[in-house]
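Participant: okay, predicted coordinates and the sequence, questions at the end:
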Amino acid sequence: MALRLPAIERKEQVLDVALSVFAVKGFHDTSMNDIAEAAGVTKPVVYQHYESKRALFLAIIDHVGDRMIDVLTAATSGLTDGQAQVEAGMIAFFTWVERDKNAFKFLFDSGTQNDEEFTVAIRKVLDRSAEAIAPLIAIDLDPIHVRTLAHGVAGASEGVARFLINNNTAFNGEQIGKQIANLVWAGLRGVDSE
């Protein structure tokens, strides 16, 4: 029997447990019973907090996106040197991936590409991450071009993380973050500001 938690804590617990279950089984192969069982609660308790499996999944997309962006923002705020910002951001991202592979897998590999509502929700998270990255690109370009580069930086980071996780490659978030930061910084320095 699960401990009686205050409603807000129970809701967070269900969210975290559901994230782990969805990351492993995907949306379609996960039932609300699976989530309730993993959380040590009854199915009605899950439905108390989330009206449907779809609503729960969408809540997790927002939750994971917020955590990822908070990690990036916290790591880069207060830094004024472009290279230091890029390095801090990359280290923060890859350390987050290293520590929370399920969150990364959920956001980027949960097998929901054919679901328009989920695709739109994930696209919003990716847009928000590009918005967080764009101010770190200290190049005198029009805002659309800077935003395009920010999406490129985010895509490159996602691609490397996906490769590492899909191949079960052990990695050190700080080390790989520094390596990718060097690559990205060299690439950004080569962008023509005209």
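Facilitator: Now that the structure is in, tell me what you want to look at. The model shown is predicted, which means the values in this text are computed figures rather than measured ones.
Participant: next up, the contacts around Ile137.
Facilitator: By C-beta atoms under 8 Å, 6 or more residues apart in numbering, the residues touching Ile137 are Gly82, Val146, Leu149, Ala150, Val153, Leu188. All C-beta spots, glycine's among them, are computed from the backbone N, C-alpha and C.
Participant: equivalent analysis for Leu188, please.
Facilitator: Leu188 touches Gly82, Val86, Ile137, Ile139, Leu149, Val153, counting by C-beta under 8 Å, 6+ apart.
Participant: out of those residues, the closest to Phe104 would be?
Facilitator: Of all the contacts of Leu188, Phe104 sits closest to Val153, with 16.3 Å by C-beta to C-beta.
Participant: could you measure from the closest one over to Pro44?
Facilitator: Taking C-beta to C-beta, to the nearest Å as the measure, Val153 falls 44 Å from Pro44.
Participant: next, the nearest residue to Asn172 once chain neighbours are set aside: secondary structure please.
Facilitator: If the residues on either side of it in the chain are set aside, Asn172 comes closest to Glu98, at 7.1 Å by C-beta to C-beta, 6 or more residues apart in numbering. Three-state call for Glu98 (DSSP: H, G, I helix; E, B strand; the rest coil): helix.
Participant: what's the following helix or strand after the helix or strand harbouring Glu9?
Facilitator: Using DSSP states H and E, Glu9 sits within helix 7-25. Going down the chain from helix 7-25, the next helix or strand is helix 32-39, by DSSP H and E.
Participant: which neighbouring elements make contact with that following helix?
Facilitator: helix 7-25, helix 43-49, helix 53-76 (3 or more C-beta pairs under 8 Å, 6 or more residues apart in numbering; DSSP states H and E).
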